[in-house]
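S.K.: everything below, folded, please.
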Amino acid sequence: MELPKTYRTVARLGWRSDTGDPEGKLEHTGRVPERLELPTGELMQRPPAYSAVRVGGERLYQRARRGEAIEGEPRPVSVYRFEELWPRRRSGPASRSSAPPGPMSASWWPTSAIAYCEQLERTRIGPFRLEDADPERVVPLGEALEFLPERPLEPEEAERVSHGARLPAAGEAGPVRMTSAGELVAIGEPRGPELAPVVVFAPR
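M.R.: Next up, the predicted model:
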């Protein structure tokens with residue numbers, strides 16, 4: 001979930017929606033800027049009432065549909081860039097490619113005062129691209145997890161890890177591949193001064 005993500009969005013300019021998408025109550029504003037500028041960088045983003053963010057174990061949109069519309073707490077996000085692909089003025093759609101780092105819903109569209117989101121498609125998660133998707137090909141597990149840093153293990157360490165034993169941490173800052181002789185043994189996560197195998201793939 002922490003990998004950078006890319007989305008392709010079609011936004012309807014000159015209109016707004018109380019849900020941020022075509023299913024809400026639409027209002028024609030006629031506000032179509034000559035130049036669409038969207039914020040990038042490190043931002044604080046408040047999830048609106050109609051979003052999939054959970055508060056108290058329940059998604060906000062579920063509460064909103066019961067008439068309990070509340071906004072979520074602001075959270076930090078990183079927006080790397082926005083690229084306009086095919087603008088159509090006169091309150092027409094504008095398609096933009098965006099690359100935020102975390103979950104996104106149509107109601108998170110950042111121009112809700114002047115537009116709403118008609119279509120939202122996730123086109124990339126980390127190294128995995130939509131155009132590379134092939135239902136006839138299964139990506140090998142080791143290849144799928146190559147984006148994680150590697151912690152090579154000695155044979156005796158691999159034996160211990162395969163049974164769930166922890167190892168002394170070596171400065172890991174997040175999840176790592178724990179491997180032995182090129183074989184994926186486990187996914188480890190730092191837990192204090194130790195590296196804990198949270199998923200073991202190859203019992204030895």
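S.K.: care to break the protein down by domain?
M.R.: Listed by automatic domain parsing, the domain ranges of the chain are 5-128, 141-200.
S.K.: if you average pLDDT over each of these, which is lowest?
M.R.: Ranked by mean pLDDT, the domains of the chain end with domain 5-128 in last place, scoring a mean of 79.
S.K.: run the chain-centre distance for it.
M.R.: 13 Å (CA atoms, centre = their mean, to the nearest Å).
S.K.: give me phi/psi at residue 130?
M.R.: phi -60, psi -40 (degrees, to the nearest 10).
S.K.: and it, how many residues sit next to it?
M.R.: The local packing of residue 130 (other CB atoms under 10 Å) involves 12 other residues. (Glycine included, C-beta is placed from N, CA and C.)
S.K.: ok, it to residue 83 distance?
M.R.: Distance of residue 130 to residue 83, computed by CB to CB, to the nearest Å: 16 Å.
S.K.: what about stretch 180-194, start to end distance?
M.R.: Stretch 180-194 has an end-to-end distance of 18 Å (CA to CA, to the nearest Å).
S.K.: give the buried residues for it.
M.R.: 180, 184-190 (16 or more other CB atoms under 10 Å).
S.K.: pull the most distant pair out of these.
M.R.: 180 and 190 (19.2 Å; CB to CB).
S.K.: now the farthest one out in the protein, which residue is it?
M.R.: residue 156 (37.1 Å; CA atoms, centre = their mean).
S.K.: partners of the top strand by length along the chain, with directions?
M.R.: Longest strand in the chain, counting residues (DSSP state E): strand 115-125. The pairing partners recorded for strand 115-125 under DSSP bridges are strand 5-13 (antiparallel), strand 128-129 (antiparallel).
S.K.: CSV please, covering these and showing distance to residue 172.
M.R.: What follows is these, written out as CSV (distance: least, CB to CB, whole Å):
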stretch, distance to residue 172
strand 5-13, 24
strand 128-129, 23
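S.K.: want to throw those into JSON lines with distance to residue 19 and mean neighbour count?
M.R.: What follows is the strands paired with strand 115-125, written out as JSON lines (distance: least, CB to CB, whole Å; neighbours: other CB atoms under 10 Å):
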{"stretch": "strand 5-13", "distance to residue 19": "13", "mean neighbour count": "20"}
{"stretch": "strand 128-129", "distance to residue 19": "29", "mean neighbour count": "12"}
